[in-house]
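Novice: Fold the stuff below for me.
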Amino acid sequence: MLKKLSLRVRLTLLSALVMTGAAIILTAVSMFSADHIFVQNLPQDLGMKTTLSTTAVKSQSMRSGEVSLTQPEADVSYSAQTGEKGEAMDAAVIQVSLAKASRQFNLWGLAGLLLVLLLGTGATWLMAGRALGPVRELSSAIEEVGDSNFKRRVEMHGRQDEIGRLAHSFNSMMDKVSASFERQKRFSASAAHELKTPLATMQVGLEVLELDAQPSPERMEKTLAVAKTNTERMIHLLDDLMRLSSDETGEMCDTIPLRELFTEIQAELLPQIQANRLSVSIEAEPEAQLTGSRTMLYRALFNLAENAVKYNRAGGSITLSAKREDDAVEVRVTDTGIGIPEAELPHIFEPFYRVDRSRSRAVGGSGLGLSLVQDIVEKHGGGIRVESAPGEGTSFILRFPVAR
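Specialist: Alright, predicted model coming up:
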């Protein structure tokens, strides 16, 4: 039943119940005190005081000789009886007055009780409404969030209480959701573009070939070569997308000596290294070993080394290093290439993001290499960061825990 009521109503009812209990206890204590301490004991106190006063007066008169020896004893008795009757009448009047005052006190106490409850409940209702105002605003903001409307935020106005923290959490969540939505939009647009480009190239080649009634063997061979190249490009792109979206990690129990892995990567990239007149230095300590998937780690380090070759200057150098540091292994891939602008660094691990689109097209690649590297490193419990300066070179630093 209470769950169907609003939070404001429930807070008001709870406060009213607490105030009712406290007010009833205070009123009962006040009535008990007024009735038993004052009303019932006061006439007895007054009677005792009157008796003591009369006895004192008679004793004083006898000692002072104010009572005549010739005065009849009946007069003295009559005067005493008259005084006792007057004192009894005074006590009765006082008792009636006190009873009447007690009833009035009780009535005023009950009236005050009701007044306190009404005013307290009304004040609680107003204060609860004011306190829950930001919650209503937050609820309205959540309702206004649509499929593409992620700009709604809640004004906190410097609040530091629980409501302020809740609003801050909501705004932080919306910032993350908005950033994720923008990345998803860029990913979708880039994926569509990457797939559309080779398909368009293949379509144009086939249309040109179709216009020629008797295409020459050279033209057919060229068209087939373009189609084959673009088909391989799309297959490679789809393979990277599947790896990036896959949650499967495979076997993660291989022991991989990093010096051996670097040597294999250098041998595979040797034709490109020689073509660009690059020098490669391998600096890996013997104890620098990783535990995980050899295939996945080879792919990650190969992508970094391949980028170091592609975006290096002619005659530059590449350094592949690995060292053991307490409970971690640090791996570095450093080049003397063109570098990355500081403004681009936060985005380089996003899928399909390219720092220099014109050069990226020239050297090839799908734009998913660094995204795959980050995904593989994180699946092995590690982290990756980059240090770069335009025109000076780039260094990728990977840290892996020793014991997984």
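
Novice: Tell me the secondary structure at the most centrally placed residue in the chain.
Specialist: Computing the C-alpha centroid of the chain and ranking residues by C-alpha atoms, centre = their mean puts Ser169 first, at 4.3 Å. At Ser169 the chain is in helix, as set by DSSP: H, G, I helix; E, B strand; the rest coil.

Novice: How about Gly337?
Specialist: coil.

Novice: do Ile282 as well
Specialist: strand.

Novice: Repeat that for the one 4 residues further on.
Specialist: Counting by three-state DSSP, the backbone at Pro286 sits in coil.

Novice: And the closest residue in space to it that isn't next to it in sequence, which helix or strand is it part of?
Specialist: Take Pro286 and drop its neighbours on the chain: the residue closest to it by C-beta to C-beta, 6 or more residues apart in numbering is Arg259, 7.2 Å away. Heads up, the C-betas are built off the backbone N, CA and C, glycines and all. Using DSSP states H and E, Arg259 falls within helix 258-268.

Novice: can you check Glu155 too?
Specialist: With DSSP H and E as the test, Glu155 turns up in no helix or strand.

Novice: what residues are up against it?
Specialist: Shown in contact with Glu155 (C-beta atoms under 8 Å, 6 or more residues apart in numbering): 137, 167.

Novice: and it, how far is that from Glu143?
Specialist: 16 Å (C-beta to C-beta, to the nearest Å).

Novice: For the residue nearest to the centre of the chain, report the pLDDT, please.
Specialist: In the predicted model, Ser169 carries a pLDDT score of 84.

Novice: how much space is there between it and Leu138?
Specialist: 10 Å.

Novice: Give me the three-state assignment for Gln160.
Specialist: Once three-state DSSP is applied, Gln160 turns out coil.

Novice: per-residue pLDDT, it?
Specialist: 71.

Novice: what number of residues lie near it?
Specialist: Neighbours of Gln160 under the rule other C-beta atoms under 10 Å: 9.

Novice: how about the strands of the stretch 301-404 of the chain, start to end?
Specialist: 317-325, 328-335, 383-389, 393-401 (DSSP state E, counting those that start in this stretch).

Novice: So for Ser293, which of those strands sits nearest?
Specialist: Taking C-beta to C-beta, strand 393-401 is the member of the strands of the stretch 301-404 of the chain nearest to Ser293, at 12.1 Å.

Novice: Which positions in that closest one come out as buried?
Specialist: Across strand 393-401, burial judged by 16 or more other C-beta atoms under 10 Å covers 393-396, 398, 400.

Novice: My guess is Gly339 contacts Ser395. True?
Specialist: No - look at Gly339 against Ser395 with C-beta atoms under 8 Å: they stay out of range, at 10.0 Å.

Novice: closest to Met31 among the buried residues of strand 393-401?
Specialist: Among those, and counting by C-beta to C-beta, the member closest to Met31 is Phe400, at 77.7 Å.

Novice: Pro390 - nearest residue in space that isn't next to it in sequence?
Specialist: Spatial nearest neighbour of Pro390, chain neighbours left out: Gly339 (4.1 Å); criterion: C-beta to C-beta, 6+ apart.

Novice: what phi and what psi does the backbone show at that neighbour?
Specialist: Main-chain torsions, Gly339, degrees, to the nearest 10: phi 80, psi 170.

Novice: So it versus Gly316, what's the distance?
Specialist: 11 Å.

Novice: Find residues that contact each of those two.
Specialist: Gly393.

Novice: State the pLDDT value of the nearest residue to Gly381 once chain neighbours are set aside.
Specialist: By the measure of C-beta to C-beta, 6+ apart, the closest residue to Gly381 outside its immediate chain neighbours is Pro401, 5.1 Å from it. The score at Pro401 is 91. That number is its pLDDT.

Novice: Mind listing the residues bridging to Pro401?
Specialist: Ala328 (DSSP bridges).

Novice: Helix or strand, whichever it is, which one in this protein has the lowest mean pLDDT?
Specialist: Ranked by mean pLDDT, DSSP states H and E, the weakest helix or strand in the chain is helix 41-64, scoring a mean of 50.

Novice: Now do the domain split for this structure, please.
Specialist: 2-56+85-131, 183-245, 254-401 (automatic domain parsing).

Novice: quick one on the thing from earlier: which ones are touching the residue nearest to Pro390?
Specialist: With C-beta under 8 Å, 6+ apart, Gly339 has these contacts: 388-394.

Novice: Please apply the same query to Ser30.
Specialist: For Ser30, the contacting residues are 105, 109, by C-beta under 8 Å, 6+ apart.

Novice: The same query, at a cut-off of 10 Å, please.
Specialist: 105-106, 109, 112-113 (C-beta atoms under 10 Å, 6 or more residues apart in numbering).

Novice: Quick one, grab the pLDDT at it.
Specialist: 75.

Novice: Trp108 too?
Specialist: 79.

Novice: what's the burial count for it?
Specialist: 10.

Novice: Which of the helices or strands spans it?
Specialist: helix 73-131.

Novice: helices or strands up against the helix or strand just after that helix?
Specialist: Counting by DSSP H and E, the next helix or strand C-terminal to helix 73-131 is helix 133-144. When contacts are defined as 3 or more C-beta pairs under 10 Å, 6 or more residues apart in numbering; DSSP states H and E, helix 133-144 sits against helix 7-32, helix 162-211.

Novice: Phi first, then psi, for Phe349.
Specialist: phi -90, psi 0.

Novice: Might one say that it is in contact with Gly367?
Specialist: No - if you go by C-beta atoms under 10 Å, Phe349 and Gly367 don't touch, sitting 11.1 Å apart.

Novice: who has more neighbours, those two?
Specialist: Ranked by neighbour count (other C-beta under 10 Å), Phe349 and Gly367 place Gly367 first, with 20 against 16.

Novice: Apart from its chain neighbours, what residue comes closest to that one?
Specialist: Phe352 (4.0 Å).

Novice: List the buried residues in the helix or strand containing Ile273.
Specialist: Per DSSP H and E: Ile273 is located in helix 270-275. For helix 270-275, burial by neighbour count (16+ other C-beta under 10 Å) applies to Ile273.
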